[in-house]
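S.K.: need the 3D shape of this:
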Amino acid sequence: LQPPSRAGAASGDNGGAGAGGAGAGGRGVWLGNHLAFRSSAEAHWCVEAELTHSKSVGVVRSVPLDLPLVPAQCSVWWEVPNELAAALREVAATADSQEAEEGPPPVVWVKFVVKLSRATPWAKAGHCVAEHQFTMSDFVPQPMPTWRRGSSLLAAASASMRGPAFAAAEVPGHVTVREDGVFSVSFSTETGCMSSFRLADGTELLSSQLLPCFWRAPTDNDHGGADMIFKWMSKVPFAGAAMSYRAQWEKCGLGPSMALPVATPASGGGVRVLQVADDAFCVVTSCSVAARHSASPLFRVVSVYCVKRGGAVAVECRVTPLGAARGVRGSLPRIGMSVELPATFSRARWLGRGPGECYPDRCASSWPGLYECDVDAMYVPYIYPSENGGRAHVLQCAVQDATRGVQLEVAALPSSGRLLDELAVGALLREQGDLQAVGRACDTVLASGLLSAAPPLPDGAAASAAGGGFQLALSRFSLAELTKARHPTDLPDGATRQLPVHLHFDARHMGLGGDIGWGPSVHPPWLVAPAE
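M.R.: Numbering: from 1, shown residues only. Take a look at the predicted model:
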């Protein structure tokens with residue numbers, strides 16, 4: 001299956017498919033038949049177009065189409081039928097009418113599903129033979145999207161809900177930004193991390209601090225290496241390239257139970273707060289993360305939190321590996337953040353790849369869309385407990401607590417270090433700098449919209465560079481529990497819905513690999529280099 005930009009080249013291929021403007025002067029799809037002897041008719045193929053959009057879960061409309069004859073080992077150009085173009089426009093209009101005044105315009109996807117029109121000796125009628133997804137713009141010309149100011153995900157409260165007082169206060173151990181009658185968010189001066197997010201009625205959304213996270217429960221492939229057979233290899237200085245990923249991580253001090261971050265001194269403290277506009281405070285934190293029982297830091301994390309009226313918080317972090325972490329050969333497991341949520345946060349909805357588990361180097365069969373499921377359903381019970389249940393290229397995620405009628409929302413912003421750079425962190429820590437420029441930077445970041453109106457989510461390693469969202473994981477089990485367990489029965493027993501929910505969102509997450517199982521095998525594009 002070829003991307004739209006390569007559709008013109010498909011005419012010379014014996015196989016492959018793609019969307020584009022080539023062939024017969026219209027918009028359509030290249031259909032490739034890789035069978036050696038049978039045509040599409042002899043193979044009993046039929047095709048259906050499934051239409052979805054970013055404002056609704058599931059297929060909103062299915063359009064049966066007449067599949068043209070595709071001879072064996074040949075490709076043909078198939079122009080988009082008029083009925084499909086009309087259906088796409090209707091779905092786009094319906095999705096746009098559902099959008100509020102704030103937020104990005106919806107994205108419409110079309111997925112072509114080739115099925116068996118009748119039963120065969122090897123499969124039943126309706127069996128999916130092949131499928132591929134495109135965006136509406138690949139087939140129907142669309143005007144440039146008009147961005148609406150703000151974002152529905154980041155607008156936690158309407159103007160009528162805004163309280164009369166919006167202020168920050170420093171007390172021993174914490175810095176708190178509060179809007180009376182709406183919310184309060186606190187940061188620990190000991191760790192430099194967000195420690196509380198509380199609604200006006202006293203509902204606490206967090207069960208732990210929002211911590212930097214660099215570890216994942218090792219997969220079978222992460223265990224593969226010379227040290228898996230010869231334990232003494234992990235102590236040989238020159239054996240780094242042959243060591244398993246897990247051995248490399250543990251050798252530098254990484255693990256499931258890192259020491260709590262320590263706020264690093266910077267002009268009297270590691271947490272500073274300044275009001276940069278009538279409706280915005282900036283909280284700048286600096287902390288170091290070390291291995292447990294070690295005084296040598298492995299990472300330095302500088303974060304800028306922009307807290308706005310209504311409860312929206314934009315955060316940008318700059319992570320710098322130090323010491324042994326900088327010397328890791330191969331890859332870091334992940335660079336992200338994690339937090340525990342109360343057990344009642346049991347439902348998840350996300351805009352990204354799905355519906356099943358997918359990772360940066362394993363997402364070709366996961367299509368972009370809006371998905372929803374129980375948190376418990378995201379767990380994958382591998383025989384050897386490990387990293388599981390991730391969702392790649394996520395742009396928005398909402399974790400819902402149906403019992404209390406609240407939800408915590410996380411969204412990817414088109415970050416380019418704008419807050420970190422324009423805030424001039426060093427100057428801000430010294431209480432200097434242009435505060436009006438800081439306020440403008442906050443407004444720019446929060447008003448720039450989410451990525452859901454961007455082009456279709458990119459594949460593989462290009463996702464991060466192109467703004468492909470974050471890696472999401474939700475689990476009832478902690479990293480320590482998954483890492484320690486050798487069998488599923490080693491995990492906490494009982495009613496899983498009584499266990500807290502562990503939320504992870506990563507800016508970078510290492511691929512899974514799998515070319516071989518006895519040595520490090522993740523391809524270079526999906527490694528996480530130990531760099532800033």
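S.K.: please tell me how far the nearest residue to residue 37 once chain neighbours are set aside sits from residue 284.
M.R.: Nearest non-adjacent residue to residue 37, counting by Cβ to Cβ, 6 or more residues apart in numbering: residue 72, 5.3 Å away. Every C-beta, even on glycine, is put in place using the N, C-alpha and C of the backbone. Using Cβ to Cβ, to the nearest Å, residue 72 is found at 64 Å from residue 284.
S.K.: of the two, which one has the most company?
M.R.: Between residue 72 and residue 284, counting by other Cβ atoms under 10 Å, residue 284 is the more crowded of the two (23 against 15).
S.K.: that one looks like it's in a strand, true?
M.R.: Yes: according to DSSP: H, G, I helix; E, B strand; the rest coil, residue 284 belongs to a strand.
S.K.: so residue 249 sits against residue 215, correct?
M.R.: Yes: using Cβ atoms under 8 Å, residue 249 is in contact with residue 215, at 7.2 Å.
S.K.: which neighbours do those two have in common?
M.R.: The contact sets of residue 249 and residue 215 overlap at 255, 333 (Cβ atoms under 8 Å, 6 or more residues apart in numbering).
S.K.: identify the residues contacting the residue nearest to residue 37.
M.R.: Contacts of residue 72 (Cβ under 8 Å, 6+ apart): 33, 35, 36, 37, 38, 39.
S.K.: in which helix or strand would I find it?
M.R.: Counting by DSSP states H and E, there is no helix or strand that carries residue 72.
S.K.: if we can go back for a sec, neighbour-wise, which one of the contacts of residue 72 leads?
M.R.: Highest neighbour count within these: residue 33, with 21 neighbours (other Cβ under 10 Å).
S.K.: per-residue confidence for that one?
M.R.: Each residue has a pLDDT score; the one for residue 33 is 93.
S.K.: find the nearest non-adjacent residue to it, please.
M.R.: Nearest to residue 33 is residue 70, by Cβ to Cβ, 6+ apart, at 4.2 Å.
S.K.: before we move on, back to that, from the contacts of residue 72, which land in strands?
M.R.: residue 33 (DSSP state E).
S.K.: tell me which entries of the contacts of residue 72 lie within helices.
M.R.: Here DSSP state H is the test, and the contacts of residue 72 give no hits in helices at all.
S.K.: helices along the stretch 51-200 of the chain, start to end?
M.R.: For the stretch 51-200 of the chain, the helices defined by DSSP state H, counting those that start in this stretch occupy 82-98.
S.K.: ok so, going back, so residue 249 and residue 215 - more neighbours on which side?
M.R.: Between residue 249 and residue 215, counted using other Cβ under 10 Å, the more crowded position is residue 249 (23 against 20).
S.K.: direction included, what does whichever strand or helix holds residue 400 pair up with?
M.R.: Per DSSP H and E, residue 400 falls inside strand 396-401. Here strand 396-401 is paired, per DSSP bridges, with strand 347-354 (antiparallel), strand 406-411 (antiparallel).
S.K.: worst average pLDDT in those?
M.R.: Among these, strand 406-411 scores lowest, at a mean of 88.
S.K.: gap between it and the chain center?
M.R.: Taking Cα atoms, centre = their mean, to the nearest Å, the mean C-alpha location of strand 406-411 is offset from the chain mean by 14 Å.
S.K.: give me the buried positions along it.
M.R.: Under the neighbour-count criterion of 16 or more other Cβ atoms under 10 Å, strand 406-411 has 406, 407, 408, 409, 410, 411 buried.
S.K.: need the residues you listed in a markdown table (columns: distance to residue 172).
M.R.: Below are these laid out as a markdown table (distance: Cβ to Cβ, whole Å):
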| residue | distance to residue 172 |
| --- | --- |
| 406 | 29 |
| 407 | 32 |
| 408 | 27 |
| 409 | 31 |
| 410 | 30 |
| 411 | 33 |
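S.K.: which parts of the stretch 351-500 of the chain are strands?
M.R.: Using DSSP state E, counting those that start in this stretch, the strands of the stretch 351-500 of the chain run over 367-374, 391-394, 396-401, 406-411, 470-475.
S.K.: could you dump the ones you listed into CSV and include distance to residue 325?
M.R.: As requested, the strands of the stretch 351-500 of the chain are arranged in CSV below (distance: least, Cβ to Cβ, whole Å):
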stretch, distance to residue 325
strand 367-374, 33
strand 391-394, 24
strand 396-401, 28
strand 406-411, 26
strand 470-475, 19
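S.K.: so which of those strands is nearest residue 358?
M.R.: strand 391-394 (4.6 Å; Cβ to Cβ).
S.K.: for the closest one, packing partners?
M.R.: strand 347-354, strand 470-475 (3 or more Cβ pairs under 8 Å, 6 or more residues apart in numbering; DSSP states H and E).
S.K.: from residue 50, how far out is residue 59?
M.R.: Look at residue 59 and residue 50: by Cβ to Cβ, they are 5 Å apart.
S.K.: returning to that earlier point: include distance to residue 180 when you put the strands paired with strand 396-401 into JSON lines, please.
M.R.: Putting the strands paired with strand 396-401 into JSON lines (distance: least, Cβ to Cβ, whole Å) gives the following:
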{"stretch": "strand 347-354", "distance to residue 180": "30"}
{"stretch": "strand 406-411", "distance to residue 180": "18"}
